[in-house]
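Engineer: here's my sequence, what's the structure:
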Amino acid sequence: QVQLVESGGGLVQAGGSLRLSCAASGRTFSNYAMGWFRQAPGKERDVVAAISRSGGSTYYANSVKGRFTISRDNAKNTVSLQMNSLKPEDTAVYYCAAHRGQKGIATTPAEYAYWGQGTQVTVSS
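Structural biologist: Alright, predicted model coming up:
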């Protein structure tokens, strides 16, 4: 089992930046592909970005391409999401998640077995 704890959320003006971090503990972190998801009130939880076990492959939702960057440090058991040029529509609770299957990149919530508690990101206009 993997325990995940997110940090770095907050309130920022449109056009600003935030960096989310997720610290993992438990099983060997490098065995898991990782993802960041977000959920706004009344909406489904959607993938924002995902990264393979080695960090060599990444995936981004179209809505964040060119603005967000996912990265991981397997030595420190962390995965991060750098968010630039933030927009009000980026407002949501952001979750990191760990995929224990064999896929290099997983993009749906059902493929992730372990989840953090979430961190709120609010972008004001």
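Engineer: please tell me how far the residue most central in space within the chain sits from residue 125.
Structural biologist: Averaging the C-alpha coordinates of the chain gives a centre point, and the residue nearest to it by Cα atoms, centre = their mean is residue 36 (2.0 Å). Per Cβ to Cβ, to the nearest Å, residue 36 is found 23 Å from residue 125. For glycine as for every other residue, the C-beta is placed from the backbone atoms N, C-alpha and C.
Engineer: same question, residue 4
Structural biologist: Taking Cβ to Cβ as the measure, residue 4 falls 31 Å from residue 125.
Engineer: what's stretch 22-36 in contact with?
Structural biologist: With contact meaning Cβ atoms under 8 Å, 6 or more residues apart in numbering, stretch 22-36 is reached by 1-7, 20, 47-54, 70, 72, 74, 77-81, 94-101, 103-107, 112, 114, 116.
Engineer: tell me the buried residues within these.
Structural biologist: Using 16 or more other Cβ atoms under 10 Å as the burial test, the contacts of stretch 22-36 include 2, 4, 6, 20, 47-53, 70, 72, 74, 77-81, 94-100, 105-107, 112, 114, 116 as buried.
Engineer: so residue 81 makes contact with residue 19?
Structural biologist: Yes. Under the criterion of Cβ atoms under 8 Å, residue 81 makes contact with residue 19 at 7.1 Å.
Engineer: now the helices for the chain?
Structural biologist: With helices called from DSSP state H, the chain shows none.
Engineer: quick one: the strands in it, in order.
Structural biologist: Per DSSP state E, the chain carries strands over the ranges 2-7, 10-13, 18-26, 33-39, 46-51, 58-60, 68-73, 78-83, 92-99, 114-115, 119-124.
Engineer: tabulate the ones you listed (CSV), appending mean pLDDT.
Structural biologist: Converted to CSV, the strands of the chain look like this (pLDDT from 0 to 100):
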stretch, mean pLDDT
strand 2-7, 96
strand 10-13, 98
strand 18-26, 96
strand 33-39, 98
strand 46-51, 98
strand 58-60, 98
strand 68-73, 98
strand 78-83, 98
strand 92-99, 97
strand 114-115, 97
strand 119-124, 98
